[in-house]
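J.: okay, predicted coordinates and the sequence, questions at the end:
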Amino acid sequence: MSLPLSTPPLYIVNLPASVDRRESMQRQAVSLGLTLEFFEAVNGRQPHPLFAHVDEGRRVANKGRPFKPGELGCWASHYLLWQRCVQRGEPIIVLEDDIQLSPRFVDLLQALPQLPAQVGYFRLHAGDRPSTPWLQFGDFVLHRYWRSPLCTLGYYLTPDAAEKLLRHARRWVLPVDDYMDLAWLHGVECLGLKPGVVRSDEDFESTIQVGRGPKPAVGPWGWVTREGYRAGLNLRWFLHNLPHRLRRHRI
């Protein structure tokens, strides 16, 4: 079955040096009959204007360590793709280059025309976090997450949702995947497919995790501020989701 003419462009975040990852995605695309657009990722080890968004003081105080280069590159790459989505004025799908695509990925693309217009964003992988079925389109079920599902393996994004993410991303403190889950801040609900249509490819080592090492000692006061920040985020999660938990969910 052919894909709809309105199929969103599929952007693969890829560093030019990661040739093996690029080839892996190209092989999968050929087998599934997909057309990919490779987006050159930002190298976090090299200077970039977007790194001015980093709030180093709050980052260290609230998380106990600075951003790693891979985290910075990831942040900037996704930020640029949000801008691209707004500029194009149409939905896009963003995919990391170290993933495996399920055969059902094609079925998802065929089902997207049935997606309600109010859905602006959802993850394509199934996070191992508590969630509730929220909406069905075609044979797919979107879940509302009660805790951050983590990772940016793949996601669907509309210009409206991208604009909201950009509007509140002036200061970078959390990793980009954690920031994308702060629905109470930017108004983009934390949704995802279960079961998912993408998963991490264990053959590739994360470029973010490499060389991370243990967190540096922060001292008693640093521990208090870090744990207080974490508790505050958990409380905001709870308060934002409470009305949804109390409401009957139908799909």
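T.: Noted; the coordinates are in hand. Keep in mind it's a predicted model, so treat the numbers as computed, not measured.
J.: surely residue 113 is within a helix?
T.: Yes - assessed by DSSP: H, G, I helix; E, B strand; the rest coil, residue 113 belongs to a helix.
J.: quick one: contacts for it?
T.: If you count contacts by Cβ atoms under 8 Å, 6 or more residues apart in numbering, residue 113 has them with 4, 6. Just so you know, the C-beta spots here come from the backbone N, C-alpha and C atoms, and that holds for glycine as well.
J.: return the per-residue confidence for it.
T.: If you check residue 113, the pLDDT there is 95.
J.: residue 249 now?
T.: Residue-level confidence at residue 249 comes out at 52, pLDDT.
J.: now residue 207
T.: Reading off the per-residue confidence, residue 207 sits at a pLDDT of 55.
J.: go on, the one 10 residues further on?
T.: As summarised for this prediction, residue 217 has a pLDDT of 54.
J.: now residue 148
T.: pLDDT, residue 148: 88.
J.: could you look up the SS state of the residue nearest to it when sequence neighbours are not counted?
T.: On the basis of Cβ to Cβ, 6 or more residues apart in numbering, the spatially nearest residue to residue 148 that is not a chain neighbour turns out to be residue 181, at 4.4 Å. Assigned with three-state DSSP, residue 181 falls in the coil class.
J.: can you report how many residues neighbour residue 58?
T.: Residues contacting residue 58 under the criterion other Cβ atoms under 10 Å number 15.
J.: swap in residue 39?
T.: 21.
J.: got the contact list for it?
T.: Under the criterion of Cβ under 8 Å, 6+ apart, the contact list for residue 39 reads 11-14, 77, 80-81, 84.
J.: what does residue 99 give?
T.: With contacts taken as Cβ under 8 Å, 6+ apart, residue 99 has the following neighbours: 25, 125, 153-154, 198-201.
J.: is it fair to say residue 133 lies in a strand?
T.: Yes - counting by three-state DSSP, residue 133 is part of a strand.
J.: show me what it is bridged to.
T.: residue 143 (DSSP bridges).
J.: that one reaches residue 191, doesn't it?
T.: No - under the criterion of Cβ atoms under 8 Å, residue 133 lies out of contact with residue 191, with a separation of 10.8 Å.
J.: if I look at the residue nearest to residue 148, how far off is residue 89?
T.: Using Cβ to Cβ, to the nearest Å, one obtains 25 Å as the distance from residue 181 to residue 89.
J.: what about the strands in this structure?
T.: Under the criterion DSSP state E, strands of the chain are mapped to 10-14, 36-40, 92-96, 99-101, 121-123, 131-137, 140-145, 154-157, 191-193, 198-200.
J.: which of the residues in the second one are classified as buried?
T.: By neighbour count on 16 or more other Cβ atoms under 10 Å, the buried set for strand 36-40 is 36, 39.
J.: now it against strand 92-96, angle please.
T.: Per axes from the mean of the first three to the mean of the last three Cα atoms, to 10 degrees, the angle that strand 36-40 makes with strand 92-96 is 70 degrees.
J.: now do strand 36-40 and strand 10-14, the angle between them.
T.: Here the directions of strand 36-40 and strand 10-14 differ by 40 degrees (the same axes, to 10 degrees).
J.: the third one too?
T.: Direction vectors for strand 92-96 and strand 10-14, defined by the same axes, to 10 degrees, enclose an angle of 30 degrees.
J.: circling back to that earlier point, more neighbours, residue 181 and residue 89?
T.: Neighbours around residue 181 and residue 89, counted as other Cβ under 10 Å, are more numerous at residue 181. The numbers are 23 against 8.
J.: quick check: that one touching residue 152?
T.: No - using Cβ under 8 Å, residue 181 is not in contact with residue 152; the gap is 10.6 Å.
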